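*Asks:* please work out how this folds:
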Amino acid sequence: MAQAAVRTPAGRRVVGEAARLLQVPTQRGPRPVREAGPRGRVTALVVVLVLVLATFAGRLVWVQGIAGPAIAKVALEKRLSSFTVLGQRGQITDAAGVPLATSVERYDISVNQRTITKYRSTGGTGAPDGAAGVAARLAPVLGANPAELGGELAGSSTFRYVAKGVLPEVARSVQALRIDGVMVEKVADRVYPKGTLAGNIVGFVNADGKGLQGLEYTLNSRLTGTAGSETYERGAGGQAIPGGYSTGTPAVAGQSARLTILSDLQWKAQEAADAQKAATGADSATVVVEDVATGALYAVADSGSIDPNKPGAGAADALSRAVSDAFEPGSTGKVITMAALLESGLTTPTSQLSVPYEYTAPNGQAFHDAEQHGVEQWTTTGILAQSSNAGTVMIGQQLTKDQRYSYLTKFGLGTPTGVELPGETAGILHPADQWDGRTQYTVLFGQGLSVNALQATNVYATVANGGVRPQPHLIAGWTGPDGTYTPTPGAAGVRVVSPQTAQTLLTMLGSVVNDGTGTSAAVPGYQVAGKTGTAQDMQTGGITASFIGVVPADAPRLVVGVFVQNPKTSIYGGVVAAPVFSDVAGFALSELGVAPSGSKPSLFPTTW
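*Replies:* Numbering: from 1, shown residues only. Sure, this is the predicted structure:
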């Protein structure tokens with residue numbers, strides 16, 4: 001067997017046991033690490049890339065496939081702006097369609113003060129940031145003081161108005177600044193182009209556009225538009241993204257009311273009321289012009305009418321006194337007593353009576369006329385023409401208390417007319433069984449009860465309308481958002497007395513103007529029938545002087561009522577109210593193109 005042999009470092013060959021002892025260990029140690037070659041590095045990069053792509057792919061699948069709709073929805077919502085689109089309030093116009101109340105485009109400017117504090121100026125070195133910087137840019141556009149505006153912009157509120165009701169061109173200039181935190185909101189501002197004309201009829205709205213007084217109040221639900229909404233996708237500057245998401249519900253404008261009011265005649269009536277109030281030192285004056293056949297009110301004028309554009313302190317007196325004030329009608333109420341007597345066959349226009357200055361009723365109550373006189377030989381027509389209280393009681397006492405009350409209610413006393421104005425009083429008419437020993441007679445000549453000016457005027461419209469009581473109204477019709485006009489259906493009248501009684505009364509009333517207490521009410525070229533009145537004002541303790549008349553009396557078209565409260569120059573309706581009637585009625589007849597009367601009236605005798 002061959003022996004193992006090794007060589008020493010010196011080169012000698014050794015065999016056998018010595019070689020074994022000298023043998024260098026031959027066991028293996030760890031293999032040295034070899035550097036990877038190009039092939040290995042590529043493999044590693046591929047693996048890493050695959051892992052990254054797989055991660056992104058998974059994320060992409062998650063974002064687009066699974067969570068995509070939800071994420072897109074959140075992102076879209078962050079880019080959306082929503083706002084309310086106001087439904088424009090309907091107009092109120094006169095009979096010719098001329099606006100008395102309308103809405104115009106205006107804008108409110110508001111700010112988010114917290115956003116304003118983050119503003120950074122782009123105006124160069126030294127330009128202020130924050131509220132001061134925004135104020136420096138915004139103030140010139142709004143016409144404001146920069147220092148004062150800066151004070152309004154500073155704070156922590158997320159919403160504060162800095163300007164209201166600015167014009168569209170101002171709003172566009174504000175938007176062009178594109179300042180984060182400054183917002184522009186479209187609103188509708190209510191304006192009244194005719195100012196005080198029919199101010200107490202039209203009324204006004206509050207800051208939110210809701211009717212507070214007059215027709216603005218009573219017609220509010222129909223005038224108010226229905227709000228819409230708009231949502232759009234905005235860019236970084238707040239502008240709408242062309243072709244972006246956009247949706248909304250269109251706003252619907254309110255209906256527009258066309259009144260029966262004739263603006264020129266309303267102006268004349270107001271001018272006459274204001275002038276007579278000043279001339280007589282009265283507390284107030286009211287003029288009502290009504291169409292006898294339809295009840296359409298062509299003018300309802302109160303002295304001192306408010307300007308709805310700036311009601312201010314006058315808002316407290318904004319109710320139309322034509323419907324809100326109650327007063328005793330006085331002698332104008334005698335026409336109801338005469339109507340009841342004629343209709344009941346208890347007298348005729350030519351019945352003859354000897355009338356003293358003072359008459360004592362069966363229960364001992366005494367009644368006298370306004371002026372001293374001896375025993376007068378008057379017909380029933382003469383008693384009405386001379387406005388005799390004593391004579392009215394003498395013939396009126398033939399009516400039972402129930403008859404008296406019945407005719408008063410038939411002519412509309414004690415009940416509101418139902419005209420479309422707020423605050424109408426029903427007046428006062430107590431039941432007949434509550435009348436005391438004096439009231440049962442005073443109601444015969446217009447005392448012991450009260451009316452408003454419209455009720456009193458409508459009594460004469462009833463006579464002029466052949467005995468049928470018309471329904472006074474101010475609304476001629478409505479125009480819808482689509483421009484379609486619909487007339488308001490006329491209300492059916494109420495028969496009060498026969499046509500024969502009404503015509504007889506109208507002829508009797510002609511004597512009042514021809515040779516009675518109302519001669520100052522004459523209108524040249526036209527027949528006039530009417531009645532004067534003087535009575536105590538139940539609210540103030542003063543005097544109500546009035547005249548209510550019909551023109552032309554031979555072919556009734558209009559009834560005009562004039563009421564002067566507490567005049568200082570005279571207490572008689574024939575002196576302070578009748579001339580106003582003549583002035584307004586003459587203007588109205590000319591304005592409406594009513595032809596003059598063709599003949600002089602044929603009247604009943606007033607004496608015997």
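*Asks:* buried stuff in the helix or strand hosting Glu152?
*Replies:* Element membership of Glu152 [criterion: DSSP states H and E] is helix 146-153. For helix 146-153, burial by neighbour count (16 or more other CB atoms under 10 Å) applies to 146, 149-150, 152-153. All C-beta spots, glycine's among them, are computed from the backbone N, C-alpha and C.
*Asks:* closest to Tyr359 among those?
*Replies:* Glu152 (76.1 Å; CB to CB).
*Asks:* now do the contacts for that closest one.
*Replies:* The neighbours of Glu152, taking CB atoms under 8 Å, 6 or more residues apart in numbering as the test, are 111, 160, 162.
*Asks:* in PyMOL, select just the buried ones from those residues.
*Replies:* Taking 16+ other CB under 10 Å as the burial criterion, the selection of buried members of these in PyMOL is written as:
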select buried, resi 111+162
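*Asks:* can I get the contacts of Glu152 in CSV with secondary structure, pLDDT and distance to Leu223?
*Replies:* Compiled in CSV, the contacts of Glu152 are given as follows (DSSP: H, G, I helix; E, B strand; the rest coil; pLDDT from 0 to 100; distance: CB to CB, whole Å):
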residue, secondary structure, pLDDT, distance to Leu223
Val111, strand, 92, 32
Arg160, strand, 91, 30
Val162, strand, 91, 30
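*Asks:* closest one of the contacts of Glu152 to Asn363?
*Replies:* With CB to CB as the yardstick, the closest approach to Asn363 among the contacts of Glu152 comes from Arg160, at 73.8 Å.
*Asks:* right, and the closest one touches Asp108 too?
*Replies:* No - counting by CB atoms under 8 Å, Arg160 sits too far from Asp108 to count as a contact (11.0 Å).
*Asks:* looking at it, Thr534 is touching Ala545, isn't it?
*Replies:* Yes - the pair formed by Thr534 and Ala545 meets the contact definition of CB under 8 Å, at 5.5 Å.
*Asks:* and the spatially most central residue of the chain, how far from Ala296?
*Replies:* Nearest to the geometric centre of the chain sits Glu216, at 1.5 Å (CA atoms, centre = their mean). Distance, Glu216 to Ala296, using CB to CB, to the nearest Å: 20 Å.
*Asks:* repeat that for Gly65.
*Replies:* Shown here: Gly65 relative to Ala296, a distance of 72 Å by CB to CB.
*Asks:* these two: which has the busier surroundings?
*Replies:* Neighbours per residue, other CB atoms under 10 Å: of Gly65 and Ala296, the larger number sits with Ala296, 23 against 9.
*Asks:* buried set for stretch 173-183?
*Replies:* Within stretch 173-183, the residues that count as buried by 16+ other CB under 10 Å are 173-175, 179, 181-183.
*Asks:* quick one: low-confidence residue ranges for the protein.
*Replies:* 1-37, 63-64, 67-68, 71-85, 123-126, 232, 234-241, 243-244, 313-317, 537-540 (pLDDT under 70).
*Asks:* which helix in it has the most residues?
*Replies:* helix 38-60 (DSSP state H).
*Asks:* mind checking how far that helix is from the chain centre?
*Replies:* Shown here is helix 38-60, whose average C-alpha point lies 75 Å from the average C-alpha point of the whole chain (CA atoms, centre = their mean, to the nearest Å).
*Asks:* what packs against that helix?
*Replies:* Using 3 or more CB pairs under 8 Å, 6 or more residues apart in numbering; DSSP states H and E as the contact test, no helix or strand touches helix 38-60.
*Asks:* joint contacts of Thr534 and Ala545?
*Replies:* 571-573.
*Asks:* contacting residues around Ser450?
*Replies:* Contacts of Ser450 (CB under 8 Å, 6+ apart): 326-329, 427-429, 538.
*Asks:* try 7 Å
*Replies:* Contact criterion CB atoms under 7 Å, 6 or more residues apart in numbering gives 326-328, 427-428, 538 as the residues in contact with Ser450.
*Asks:* just put those in JSON lines and tack on distance to Tyr441.
*Replies:* As requested, those are arranged in JSON lines below (distance: CB to CB, whole Å):
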{"residue": "Ala326", "distance to Tyr441": "21"}
{"residue": "Phe327", "distance to Tyr441": "20"}
{"residue": "Glu328", "distance to Tyr441": "14"}
{"residue": "Gly427", "distance to Tyr441": "19"}
{"residue": "Ile428", "distance to Tyr441": "17"}
{"residue": "Met538", "distance to Tyr441": "18"}
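*Asks:* of these, buried ones?
*Replies:* Applying 16+ other CB under 10 Å to the contacts of Ser450, the neighbour count classes 326-328, 427, 538 as buried.
*Asks:* quick check, Glu290 in contact with Val551.
*Replies:* No - judged on CB atoms under 7 Å, Glu290 makes no contact with Val551 at a distance of 11.6 Å.
*Asks:* return every residue with contacts to both of the two.
*Replies:* Contacts common to Glu290 and Val551, judged by CB under 7 Å, 6+ apart, are Leu558.
*Asks:* the stretch 501-608 of the chain: helices as residue ranges?
*Replies:* Counting by DSSP state H, counting those that start in this stretch, one finds helices in the stretch 501-608 of the chain at the ranges 573-576, 578-592.
*Asks:* tell me which of those sits most buried.
*Replies:* When you average the neighbours per residue for each of the helices of the stretch 501-608 of the chain (mean count of other CB atoms under 10 Å), helix 573-576 leads with a mean of 26.
*Asks:* the stretch 101-250 of the chain: helices as residue ranges?
*Replies:* For the stretch 101-250 of the chain, the helices defined by DSSP H, counting those that start in this stretch cover 113-116, 130-142, 146-153, 168-177, 199-202, 214-218, 220-223.
*Asks:* need the contact partners of the last one.
*Replies:* Helix 220-223 is contacted from outside by 89-90, 210-211, 254-255, 257, 478, using CB under 7 Å, 6+ apart.
*Asks:* quick one: distance of stretch 379-390 to the chain centre.
*Replies:* Distance, stretch centre to chain centre, for stretch 379-390: 46 Å (CA atoms, centre = their mean).
*Asks:* can you get me the start-to-end distance on that stretch?
*Replies:* For stretch 379-390, the first and last residues are 13 Å from each other (CA to CA, to the nearest Å).
*Asks:* likewise for stretch 569-586?
*Replies:* Chord length of stretch 569-586, first to last residue, is 24 Å (CA to CA).
*Asks:* check stretch 357-375 too.
*Replies:* Stretch 357-375 has its terminal residues 7 Å apart, counting by CA to CA.
*Asks:* what does that stretch contact?
*Replies:* With CB under 7 Å, 6+ apart as the contact definition, stretch 357-375 has outside contacts at 354-356, 388-390, 393-394, 397, 437-438, 441.
*Asks:* which parts of it are buried?
*Replies:* 357, 359, 361, 365, 367-369.
*Asks:* so what's Ala390 closest to, chain neighbours aside?
*Replies:* Excluding the flanking residues, the one nearest Ala390 by CB to CB, 6 or more residues apart in numbering is Tyr359, at 3.8 Å.
*Asks:* surely that neighbour forms part of a strand?
*Replies:* Yes - secondary structure assignment places Tyr359 in a strand (DSSP: H, G, I helix; E, B strand; the rest coil).
*Asks:* that one bridge partners, please.
*Replies:* Under the criterion DSSP bridges, Tyr359 forms beta bridges with Phe367.
*Asks:* how near is it to Gln377?
*Replies:* For Tyr359, the distance to Gln377 equals 15 Å [CB to CB].
*Asks:* and what of Val580?
*Replies:* Using CB to CB, which is the criterion applied here, Val580 is 33 Å from Gln377.
*Asks:* just to be sure, Leu353 is in a helix?
*Replies:* No - under the criterion used here (three-state DSSP), Leu353 is strand, not part of a helix.
*Asks:* dump the residue contacts of it.
*Replies:* The neighbourhood of Leu353, defined by CB under 7 Å, 6+ apart, consists of 378, 383, 391, 394-395.
*Asks:* what is it paired to in the beta sheet?
*Replies:* Judged by DSSP bridges, the bridge partners of Leu353 are Trp378.
*Asks:* need the contact list for the closest residue to Glu230 other than its chain neighbours.
*Replies:* If you skip the residues right next to it in sequence, Glu230 has Gly248 as its closest partner in space, 3.7 Å away by CB to CB, 6+ apart. Contacts here follow CB under 7 Å, 6+ apart; on that basis Gly248 touches 228-231.
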